[in-house]
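Visitor: how does the following fold in three dimensions:
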Amino acid sequence: MGIYGVKPQFQRALRAVERPLVRRHVHPDVLTFSALGLSLVGGLALYGSRWTPWALLAVPAVALLRIALNALDGMVARDLGVARPWGEVLNEVCDRLSDVAFFGGLAQAPEVSTPLAVAVLVFMLLNSFLGVVSKAAGGPRQYGGVMGKADRMLLLALASVVALALPGRPVFNGLLAFVLVGLLVTLCQRMRKTYVVLQSPQ
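Guide: Modelled structure (predicted):
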């Protein structure tokens, strides 16, 4: 479910970008940190929209680049033969920091409900935590559900464009409410899937 359902096709589309990176031996950590840096820029753009609404134009490009870099770091790591447990830890930590950067910045955008934004951040991190705990308990890392990372980024990119086109409308609050419902559904989906996998005979 969600954008992760088309991840293999998306990765195939990125092969044209990945091959030059592998030829130049670009380390995957560079891509991981680049995604985090872009997320900080995205969060600052959302925060800066308090004074300069046109800053929202940066959000779609940054959000889409983050999605691409998040896919490329794992692909490059595998093809260079440098995939390692520490890389996985680094990737998870940077992903969570990136989520906080984007939605923390959104919490400071004009007319955004701070409690709603905080609730989204809490359930976003809880979903990610459950995905990691599933693997720690002996199952697979859970990425599924209707509101994964890529889904959130695409919705945020779209909402930024709409918010710029319709100033004064509660676009971001509508986005946050929609994402929060999706996160609650995703939490239930991941919990159920984790339970089924861990209860299955080994």
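
Visitor: count the neighbours of residue 140 for me.
Guide: A count of neighbours around residue 140, defined by other CB atoms under 10 Å, yields 12. C-beta: built from backbone N, CA, C; applies to glycine.

Visitor: residues contacting it?
Guide: Going by CB atoms under 8 Å, 6 or more residues apart in numbering, residue 140 touches 134, 197.

Visitor: any idea which element residue 31 lies in?
Guide: In this assignment (DSSP states H and E), residue 31 forms part of helix 28-48.

Visitor: who are the packing partners of that helix?
Guide: For helix 28-48, the elements it packs on are helix 58-80, helix 85-107, judged by 3 or more CB pairs under 8 Å, 6 or more residues apart in numbering; DSSP states H and E.

Visitor: per-residue confidence at residue 143?
Guide: Looking at residue 143, its pLDDT reads 89.

Visitor: could you look up the SS state of it?
Guide: Residue 143 falls in the coil class when you classify it by DSSP: H, G, I helix; E, B strand; the rest coil.

Visitor: do you know how far it is from residue 71?
Guide: Counting by CB to CB, to the nearest Å, the separation of residue 143 from residue 71 is 12 Å.

Visitor: circling back: got the helices and strands packed on helix 28-48 as TSV, with mean neighbour count and mean pLDDT columns?
Guide: Listed next are those as TSV, based on neighbours: other CB atoms under 10 Å; pLDDT from 0 to 100:
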stretch	mean neighbour count	mean pLDDT
helix 58-80	20	95
helix 85-107	18	95
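
Visitor: poorly predicted segments of this structure, please.
Guide: Within the chain, the segments meeting pLDDT under 70 span 1-8, 201-202.

Visitor: mind doing that once more with 50?
Guide: For the chain, no stretch has pLDDT under 50.

Visitor: centre-most residue in this protein?
Guide: When the chain is reduced to its mean C-alpha position, the closest residue under CA atoms, centre = their mean turns out to be residue 149, at 3.1 Å.
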